[in-house]
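Visitor: Predicted model and sequence below, questions to follow.
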Amino acid sequence: MQPLLRVENLSKTFVLHNQGSAALPVLENASLTVCAGECVVLHGRSGSGKSTLLRALYGNYQANSGHIWLQHQGAWMDLAQAPARQIIAVRRDTLGWVSQFLRVIPRVPTLEIVMQPLLERGVARAFCEKRARDLLTRLNVPERLWSLAPSTFSGGEQQRVNIARGFIADYPVLLLDEPTASLDSANSAAVVELIEQARARGAAIVGIFHDAAVRERVADRLHVMQPVNTGAEA
Ligand SMILES: Nc1ncnc2c1ncn2[C@@H]1O[C@H](COP(=O)(O)OP(=O)(O)OP(=O)(O)O)[C@@H](O)[C@H]1O
């Protein structure tokens with residue numbers, strides 16, 4: 001199998017400047033390889049650093065040391081060292097992020113929000129719109145809502161709009177932050193199907209799923225996270 005993402009000795013310590021600069025080590029030499037067509041689920045106790053690792057992989061958190069090697073446009077690049085401009089390009093073409101939360105853009109209709117990641121790649125509008133309609137239908141978002149801005153939608157409706165947006169482009173690497181959290185079983189099953197399709201087309205997927213049934217269905221393997229031992233309890 002072809003590796004698309006290689007995390008090497010990634011460490012992250014949060015420094016709480018408003019609390020006497022307390023240092024909170026969360027990741028210590030985290031290492032992980034994910035291949036095309038593979039779904040690796042981050043697993044561990046609450047507070048073991050799953051979200052921190054996923055956010056570092058998306059470039060939201062700057063690691064203190066280590067590497068995040070990513071296959072981007074046919075070459076390896078280190079996301080941990082990449083300038084902001086390159087991170088934006090990586091997010092457009094290579095690295096997808098799907099979470100349960102929609103960042104609502106005022107007055108922009110649902111269909112536009114879902115299409116945007118594909119439009120930004122220069123894909124023809126008619127194709128983008130067809131895909132957006134297909135995804136919104138699969139995710140049971142009623143058609144009467146598609147022309148409205150989602151700011152007034154229910155939590156579950158916003159979540160499904162966000163998932164449609166996250167799956168509209170065929171990203172080679174997908175990061176999933178609890179995409180099925182608080183969905184009912186029919187909608188959760190629709191998301192699981194999207195994940196299985198992404199895996200089948202060769203996406204490398206890293207995710208967090210607290211629902212054990214979903215985890216068992218999508219995970220090729222678990223990456224078990226241990227809380228960093230600071231020695232403070234000794
Ligand atoms: N932005 C931040 N600033 C300071 N500390 C943080 C920050 N984000 C996370 N932490 C701390 O890092 C530790 C790991 O948090 P993280 O959210 O990564 O854990 P998790 O395994 O995803 O937990 P859960 O399963 O409860 O969501 C926690 O102790 C948390 O308080």
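Guide: Structure received.

Visitor: low-scoring stretches of the chain, by residue?
Guide: 104, 230-234 (pLDDT under 70).

Visitor: need the residues of it near the ligand, please.
Guide: 14, 24, 26, 44, 46-52 (Cβ under 6 Å from any ligand atom). C-beta: built from backbone N, CA, C; applies to glycine.

Visitor: Using neighbour counts, trim those to the buried set.
Guide: Buried by 16 or more other Cβ atoms under 10 Å: 26, 44, 48-52, out of those.

Visitor: of all the residues of the chain next to the ligand, which two lie farthest apart?
Guide: 14 and 44 (17.2 Å; Cβ to Cβ).

Visitor: Let me see the ranges of the helices in the protein.
Guide: Counting by DSSP state H, the segments of the chain that form helices are 50-57, 84-93, 110-119, 125-138, 155-167, 185-200, 212-218.

Visitor: before we move on, back to that, and the residues of the chain next to the ligand, which of them are in strands?
Guide: 14, 24, 26 (DSSP state E).

Visitor: Now do the contacts for the last one.
Guide: What it means is residue 26. 12-14, 49, 52, 228 (Cβ atoms under 8 Å, 6 or more residues apart in numbering).

Visitor: quick one: it from residue 58, how far?
Guide: Separation of residue 26 from residue 58 (Cβ to Cβ, to the nearest Å): 16 Å.

Visitor: ditto for the first one
Guide: Summarising the geometry, the distance separating residue 14 from residue 58, computed by Cβ to Cβ, is 17 Å.

Visitor: do you know how far residue 147 is from the ligand?
Guide: Remark: distance between residue 147 and the ligand (Cβ to the nearest ligand atom, to the nearest Å) = 35 Å.
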